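Participant: need a structure here:
(chains A and B)
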Amino acid sequence: MNKSAPAANRWLVGSASIVVGVIIFGFLAPWIAPYSIGGLEANNLLQPPSAGHWMGTDGLGRDLLTRVLYGARVSMTVGIGTALIALVLGTSYGLVAGFKGGNWDDFMMRVVDIFYGLPDMLIFILLSLVFGRNIGGLLIALGLVTWVRFARIARGQVLQAKEFLFVESATALGASRSRILLRHILPNIIGPIIVTLTFSIPSAILAESTLSFIGIGINDPYSSWGTSWGTLAQDGYRAMRSYPHVIAFPAAAIFVTILAFNTLGNGLRDALDPKQR
Amino acid sequence: MVQILLKRTVHGLIVLWIVATFTFLLLRVAPGGPFDSERKLPPEVLANLEAKYHLDEPVLQQYARYLGGIARGDFGPSYKYLDRGVTQIIRETLPTSAMLGGFALIFTILTGFPIGLLAAYYRRSIIDRWCLFIATLGISLPNFILGALLIWLVTLELGWLQVGRWDDWQSVILPTITLAAAPAAYLSALLRSTLIETFSEDFIRTARAKGLQEPVVVVKHALAHSLLPVLTVMGPLAAALLTGSFVVEYVFAIPGMGRFFITAVTDRDYPLIMGVTLVYTAILVGANFIVDVFYGYVDPRVRAH
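Facilitator: Numbering: from 1, shown residues only, chains lettered A, B, ... in the order given. Below you'll find the model as predicted:
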């Protein structure tokens, strides 16, 4: 280890705590939020931060802290949900392609290449037209965009792992294909997949909030379940000249969350990949 | 070389065809028609509209009509803009987006390269840490937030640059920075890690050992060697600039193709969505084509074939 390790660890611990914090805040929002999600105060519109409303209120007199907390639930659901869908789809696809090899592999990876070459946002917008502008539809659309990353990583790792001696000896001992795949290859490729998982959460959060900001994401500004941070930021953007606090807090939430996940991903990558040290 | 170019062209055309088909099918199965509105249209009006846009024909015939149109450069009529066809809208808005994208590409290269080079050369120093910090910020800061922040800081607080216009060189500055920030950060991070590997290679030590000037070592040996991996990401970079452009155009109210794309999505103006998607794909295919040509030019191993 080098001298900078303690500093790197501080960053890692810091970002990991933020990640855990956002997840907890998001899923406990109904219990820890200071106000009810539907609560309006008609005589308290666009108030700056105060003791009663730590983040101020929005254009309808709703407590901004409450809305940001509920927004965390939306972001975390979208981020983690997308990553899990993509993980299952992409990893199994990549495993099969890499393990089968030959023409199968060629064809399957050609499909991945076409997906990979197109801008995520473009495919994502087209898919969201089909699956609808709600959380469920968004999860499917995002998952269908993100899976190619896992497919590429998993396939590449399998091709490497196939060359390992212990795989060869397992084959020689007559182990079945599925046993080799699950018992010998999968455990050895888990590291890069975890790293990819960590990085795909912030990109899903980024995509969702961006789309909601430009008005083509989750289409439900009055949801009792939670409103996307992107939608909150868009509300604030319109009133930015006179009431910058309305955009500042949701924007900060998006930025800090994405930054924390990216830092965590970087740390995990360095920790799991000895070559990077 | 000619053979490679020919192969790439065919490959590009196939990608375009697949995307055209994919988009066509996708928008066919998308729920909700373009003529759904708050008020229900009378069935006769709806029938007339559908006849006008050939929506009453069998799907295969529509598909053939659509592909035939594309081959002639005609993307069909827009559902929303009755006075203009999709081709005309694209022709009017593409130059704006292309200009923005061009500026952003130049800005990306002009900032990404020096930052990556500095960070790699002074590895583990305070300069490196700052460069990494800036790059991480650039990657994590969504462009709509950066855009809003710049407008708030530069225009509203400092009163320096006007926004909401698109008529002089001043109005280009903030959108360009917003669009280029993330790609520049990405480019610098990539260049840094590639260069760090290169600097530890034997031929760099040899170059230094035979007494070459440090700038020569850095530029002629290290940088030239690191150019290849950087070139390969130029394709994805072009993609990032393209899709970034519709967010930036939205934030800064720039009348480019991206903004029309977003309104087309909200309006379910399917021909316009398909047209813009195809133009985006064509630009990407073109960018990858250029990268391939450069690649062959830069890499002696490819050139030899």
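
Participant: The longest helix along chain A and chain B, any residue contact?
Facilitator: Ranked by residue count and defined by DSSP state H, the top helix of chain A is helix A:64-100. No - Helix A:64-100 lies out of reach of chain B by Cβ under 8 Å from any Cβ of the partner chain, never closer than 12.0 Å. Where C-beta positions appear, they are placed from N, C-alpha and C, glycine not excepted.

Participant: mean confidence for that helix?
Facilitator: Across helix A:64-100, the average pLDDT comes to 91.

Participant: Kindly report the same for stretch B:253-265.
Facilitator: Averaged over stretch B:253-265, pLDDT sits at 89.

Participant: contacts for it?
Facilitator: Contact partners of stretch B:253-265, identified using Cβ atoms under 8 Å, 6 or more residues apart in numbering or on different chains, comprise A:125, A:129, A:214-216, B:78, B:80, B:89-90, B:93-94, B:96-97, B:100, B:163-164, B:166, B:175, B:245-250, B:269, B:272-273, B:276, B:279.

Participant: now that stretch, how far from the centre of its chain.
Facilitator: Relative to its parent chain, stretch B:253-265 has a centroid offset of 14 Å by Cα atoms, centre = their mean, to the nearest Å.

Participant: now the angle between helix A:64-100 and the helix or strand encompassing residue A:10, please.
Facilitator: Secondary structure from DSSP states H and E places residue A:10 in helix A:5-27. Angle, helix A:5-27 to helix A:64-100, by axes from the mean of the first three to the mean of the last three Cα atoms, to 10 degrees: 110 degrees.

Participant: circling back to that earlier point, drop anything exposed from the contacts of stretch B:253-265.
Facilitator: Buried residues within the contacts of stretch B:253-265, defined by neighbour count using 16 or more other Cβ atoms under 10 Å in any protein chain shown: A:125, A:129, A:214-216, B:78, B:80, B:89-90, B:93-94, B:96-97, B:100, B:163, B:166, B:175, B:245-250, B:269, B:272-273, B:276, B:279.

Participant: For the stretch 201-305 of chain B, give me the ranges with low pLDDT.
Facilitator: For the stretch 201-305 of chain B, the stretches with pLDDT under 70 are B:300-305.

Participant: the helices in it, which residues?
Facilitator: B:202-209, B:214-216, B:224-232, B:234-251, B:257-267, B:270-298, B:300-304 (DSSP state H, counting those that start in this stretch).

Participant: which of those is buried the deepest?
Facilitator: Highest mean neighbour count among those (mean count of other Cβ atoms under 10 Å in any protein chain shown): helix B:234-251, with a mean of 24.

Participant: any idea how far that helix is from the chain center?
Facilitator: For helix B:234-251 - counting by Cα atoms, centre = their mean - the centre lies 4 Å from the chain centre.

Participant: Okay, buried residues for the longest helix of chain A please.
Facilitator: For helix A:64-100, a neighbour-count test (16+ other Cβ under 10 Å) marks A:64-83, A:85-87, A:89-91, A:93-99 as buried.

Participant: give me every residue that touches the spatially most central residue of chain B.
Facilitator: Ranked by distance to the mean C-alpha position of chain B (Cα atoms, centre = their mean), the top residue is residue B:242 at 2.2 Å. Contact analysis of residue B:242 by Cβ under 8 Å, 6+ apart lists A:119, A:122, B:101, B:280, B:283, B:284.
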